[in-house]
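no sequence on this one, just coordinates:
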């Protein structure tokens with residue numbers, strides 16, 4: 001008798017070492033705003049993105065002539081072309097281009113997951129596409145929330161709950177993971193009016209203070225994109241069935 005793949009949720013990158021499974025497909029999520037921006041960039045036909053964990057590396061990419069999107073604590077860095085609002089990644093700016101990308105939390109989470117079977121970039125905007133891919137792959141899944149500087153955050157956990165609900169309802173996955181069940185429970189609370197629920201999110205307040213909270217509704221609206229970015233060999237590219245199956 002074959003067992004269904006396991007589904008687990010990790011609330012912060014610092015906890016990932018307790019869940020690490022090289023056979024699992026890992027979905028990295030940073031709803032506000034890194035993974036939403038990455039998914040938007042691929043929706044707008046970026047060629048590839050290079051997730052850069054440190055500012056020093058990001059600066060080097062800029063010196064080498066790359067387009068650089070970089071921020072810390074929501075603020076665009078002085079040497080960067082733009083920050084990490086999804087609205088920055090327009091077709092005019094990114095179509096057929098390589099973009100080096102460095103953020104406070106999201107790019108760090110991608111690097112932490114790099115030794116997994118597959119590293120998938122998830123957001124509400126490509127929720128169904130990611131869920132369908134995972135269901136078809138039939139491998140263990142870990143949803144890794146980027147959090148905020150090592151701390152738990154609500155918006156990433158809500159995404160984890162939304163994705164977990166779809167995977168569990170498919171009857172292809174099993175879980176005995178408390179954080180998965182907590183994510184689904186939180187999602188059930190938020191689901192009837194997610195924008196109102198997200199008003200209590202700490203990152204929403206941080207963005208409001210910076211005048212950057214215009215992306216809240218966009219980042220929490222499911223399925224505006226079908227593209228699935230995946231991280232391989234230091235680059236993020238769009239999932240290609242023939243190349244990655």
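Great, that's in hand. Note that the structure is a prediction, hence the values are computed from the model and not measured.

wait, residue 80 sits on residue 68?
Yes. Using Cβ atoms under 8 Å, residue 80 makes contact with residue 68 at a distance of 4.9 Å. For every residue, glycine as well, the C-beta is placed using N, CA and C.

For this protein, just list every one of the helices.
For the chain, helices defined by DSSP state H occupy the ranges 34-43, 55-63, 91-94, 106-112, 127-137, 154-169, 178-190, 194-198, 202-209, 216-219, 241-244.

among the ones you listed, which is the most enclosed?
Of all the helices of the chain, helix 34-43 has the most neighbours on average by mean count of other Cβ atoms under 10 Å, namely a mean of 29.

Who are the packing partners of it?
Judged by 3 or more Cβ pairs under 8 Å, 6 or more residues apart in numbering; DSSP states H and E, helix 34-43 is in contact with strand 98-102, helix 106-112, strand 118-122, strand 229-232.

one more time with 7 Å
helix 106-112, strand 118-122, strand 229-232 (3 or more Cβ pairs under 7 Å, 6 or more residues apart in numbering; DSSP states H and E).

Centre of the chain to that helix, how far?
Relative to its parent chain, helix 34-43 has a centroid offset of 8 Å by Cα atoms, centre = their mean, to the nearest Å.

what's the closest non-adjacent residue to residue 8?
Leaving aside its sequence neighbours, residue 8 sits nearest to residue 177 (Cβ to Cβ, 6 or more residues apart in numbering; 4.4 Å).

Read off the pLDDT value for the one you found.
Residue 177 is assigned 97 on the pLDDT scale.

measure the residue nearest to residue 127 when sequence neighbours are not counted to residue 200 for me?
Distances taken as Cβ to Cβ, 6+ apart put residue 222 closest to residue 127, at 4.6 Å, once the chain neighbours are dropped. Applying Cβ to Cβ, to the nearest Å, the value for residue 222 to residue 200 is 20 Å.

the more surrounded of these two?
Neighbours per residue, other Cβ atoms under 10 Å: of residue 222 and residue 200, the larger number sits with residue 222, 14 against 10.
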